[in-house]
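J.: here is my input; please provide its structure:
(chains A and B)
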Amino acid sequence: MFLITELVALLASNLILTQALGTSTLFIAAGSKKNLLWTAITISVFTTLGAFGACLVDSLLPEGMYDFRLLFYVLIIGILYILLLTVLYFADRRDFSTTRKYVHVSAFNCAVMGTLFTLSDRADTNMLDYIYAGAEAGTGFIFAAFVFTAAFSRVNSKDVPASFRGFPASLVYLGIISMAIYALN
Amino acid sequence: MRNKRIPPVEGFFRKNSVLSGLMVISPIIVCGNTVINALALIYAFSAITFLSVMAGSFVPKKLPYGIKIIIYAILGALAYIPVKEAAEMFFPGVIDRIGVYFMLLAVNSLITVQSEVKFYKMPKGKMMLSLLCHILGFDAVLLIISAIREVLAYGTFCGRIVDSDILISGIGMPFGGFIILGIACGIYRYIAPSGKNTDDFGGDSDVFDY
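T.: Numbers count the residues shown, from 1 in each chain, chains lettered A, B, ... in the order given. From the prediction side, this is the model:
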């Protein structure tokens, strides 16, 4: 019962399927399962580590400077971007030309930035709540990628009319999944 | 990068950012359900994107790709501040309704991805024309989809009641946005020249070339 409750909570808080955050990124990476998996994992790293910085910004930024929140979030993701590229470079120089692409595509997009903006609504003021909510959003992206992969071959199949094959059919498919999740709410 | 010799005006229709590349679709899906929302988004998107991309064109090309992307995102975040101040005067109440999507426009794909892979490879004049066409293409799609959704979901147009026999409230919801955008994208591909082959469509996947 606990697992079902958690699964429903994960579905209901899924940022792609409920708020369309990160849909473009999902489509970019959908070309291959490997790209999709690694992009989803990289986005999860960004949302989880970014949540730490978002908590600091939200607690330290004075109320009158609310409009500067975006600028500070961008700086946080920028620092993470450089850190991740550095870690990947020193971890495996041979594959760096491949692995860096996932960092490039995952850094500044709606999935990551949108998660940071919604964290303050989803979490209490303590750091652990933020990091949990960040990790949950990342897991939600992996789940949405999994749901999308399941139908990828069908929406790209020759049975679908040429004009609707690929992106258009994928959007309609995500719309139907999103409708089901709306019903769960 | 695919299709290197693309006429700059093609960003309006044949290489439309939304319908061809599926870029910046989150605000359209979630907030593009009334014309008033659409006008606020159009204003913010156009102003932030134009200012950021033009300012970003002065960033030295020799810098590493990652550093340039961070600078472009910072420029977008800086452009957002005065644009939001002005938006609160022009569209009182609408900005709160749009919420995070208003801020997310400041880190949209045209600024953080397409600027580097497309715009900054062009001469300045051609770049400005191409950028304006991409912006107008986004604006047109957002306005049309919002008008259709507002009429079908709420039976209004710009907040005024219209004679609509059928109301489908779900079209105003995010899932309705997914479905309407999917249908619009399919119709666009049917109409657009050489649009039937999915390989012809670019979008942010260009980033994998880096």
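J.: residue closest to the middle of chain A?
T.: Centre of chain A computed as the mean C-alpha position; nearest residue by Cα atoms, centre = their mean is A:Ala111, 3.8 Å away.
J.: quick one: which helix or strand includes it?
T.: A:Ala111 is part of helix A:110-122 when elements are defined by DSSP states H and E.
J.: by contact count, what packs against that helix?
T.: In this structure, helix A:110-122 packs against helix A:15-19, helix A:23-29, helix A:33-60, helix A:69-91, helix A:127-155, helix B:100-104, with contacts taken as 3 or more Cβ pairs under 8 Å, 6 or more residues apart in numbering or on different chains; DSSP states H and E. All C-beta spots, glycine's among them, are computed from the backbone N, C-alpha and C.
J.: dump those helices into JSON lines; add mean neighbour count as well.
T.: What follows is the helices and strands packed on helix A:110-122, written out as JSON lines (neighbours: other Cβ atoms under 10 Å in any protein chain shown):
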{"stretch": "helix A:15-19", "mean neighbour count": "24"}
{"stretch": "helix A:23-29", "mean neighbour count": "26"}
{"stretch": "helix A:33-60", "mean neighbour count": "20"}
{"stretch": "helix A:69-91", "mean neighbour count": "18"}
{"stretch": "helix A:127-155", "mean neighbour count": "19"}
{"stretch": "helix B:100-104", "mean neighbour count": "24"}
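J.: which of these sits closest to B:Lys118?
T.: B:Lys118 sits nearest to helix A:23-29 of all the helices and strands packed on helix A:110-122, at 15.0 Å, using Cβ to Cβ.
J.: and that closest one, what does it pack against?
T.: helix A:33-60, helix A:96-106, helix A:110-122, helix A:127-155, helix A:167-184, helix B:26-31.
J.: can you list these in a markdown table and add mean pLDDT?
T.: Conversion of the helices and strands packed on helix A:23-29 to a markdown table gives the following (pLDDT from 0 to 100):
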| stretch | mean pLDDT |
| --- | --- |
| helix A:33-60 | 91 |
| helix A:96-106 | 90 |
| helix A:110-122 | 85 |
| helix A:127-155 | 88 |
| helix A:167-184 | 92 |
| helix B:26-31 | 95 |
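J.: tell me which of those sits nearest to B:Lys124.
T.: B:Lys124 lies closest to helix A:96-106 among the helices and strands packed on helix A:23-29, at 25.3 Å (Cβ to Cβ).
J.: tally of neighbours for A:Gln1?
T.: Let me fix one detail, which is that residue A:1 is Met and not Gln. By other Cβ atoms under 10 Å in any protein chain shown, the residues close to A:Met1 number 5.
J.: separation between B:Gly186 and chain A?
T.: In this structure, B:Gly186 and chain A are 4 Å apart, going by Cβ to the nearest Cβ, to the nearest Å.
J.: residues of the lowest-mean-pLDDT helix or strand in chain B that come out buried?
T.: Taking mean pLDDT, DSSP states H and E as the measure, chain B has helix B:94-98 as its least confident helix or strand, at a mean of 89. By neighbour count, with 16 or more other Cβ atoms under 10 Å in any protein chain shown as the criterion, the buried positions of helix B:94-98 are B:94-95, B:98.
J.: coming back round to it: what's near enough to touch the residue nearest to the centre of chain A?
T.: Each residue near A:Ala111 by Cβ atoms under 8 Å, 6 or more residues apart in numbering or on different chains is listed here: A:15-16, A:21-22, A:25, A:43, A:47, A:137, A:141.
J.: closest to chain B out of those?
T.: A:Leu21 (5.6 Å; Cβ to the nearest Cβ).
J.: so which of the buried residues of helix B:94-98 comes closest to A:Ala162?
T.: Comparing those against A:Ala162 with Cβ to Cβ picks out B:Ile98 as the nearest, at 35.3 Å.
J.: not counting sequence-adjacent ones, nearest residue to the closest one?
T.: In space, not counting the residues next to it along the chain, B:Ile98 is nearest to B:Cys31; the distance is 5.0 Å by Cβ to Cβ, 6 or more residues apart in numbering or on different chains.
J.: ditto for A:Ser59
T.: For A:Ser59, the closest residue by Cβ to Cβ, 6+ apart turns out to be A:Thr125, at 6.3 Å.
J.: spit out the contact partners of residue 55.
T.: Assuming you mean chain A. Under the criterion of Cβ under 8 Å, 6+ apart, the contact partners of A:Cys55 comprise A:119, A:123, A:125-127, A:130-131.
J.: chain B is the one I meant
T.: Contacts were defined as Cβ under 8 Å, 6+ apart; by that measure B:Ala55 touches B:75, B:79.
J.: and A:Lys34, how far from A:Ile41?
T.: In this structure, A:Lys34 lies at 11 Å from A:Ile41, with Cβ to Cβ, to the nearest Å as the measure.
J.: tally of neighbours for residue 22?
T.: Went with chain A since none was named. Around A:Gly22 there are 31 other residues, counting by other Cβ under 10 Å.
J.: correction: the question concerned chain B.
T.: Look at B:Leu22: counted by other Cβ under 10 Å, it has 27 neighbours.
J.: and it, helix, strand or coil?
T.: For B:Leu22, the assignment made with DSSP: H, G, I helix; E, B strand; the rest coil gives coil.
J.: the strands in chain B, which residues?
T.: Counting by DSSP state E, one finds strands in chain B at the ranges B:156-157, B:160-161.
J.: can you lay out these as JSON lines showing mean neighbour count and distance to chain A?
T.: JSON lines is the format used below for the strands of chain B (neighbours: other Cβ atoms under 10 Å in any protein chain shown; distance: least, Cβ to the nearest Cβ, whole Å):
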{"stretch": "strand B:156-157", "mean neighbour count": "16", "distance to chain A": "22"}
{"stretch": "strand B:160-161", "mean neighbour count": "8", "distance to chain A": "26"}
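J.: cool, thanks, signing off.
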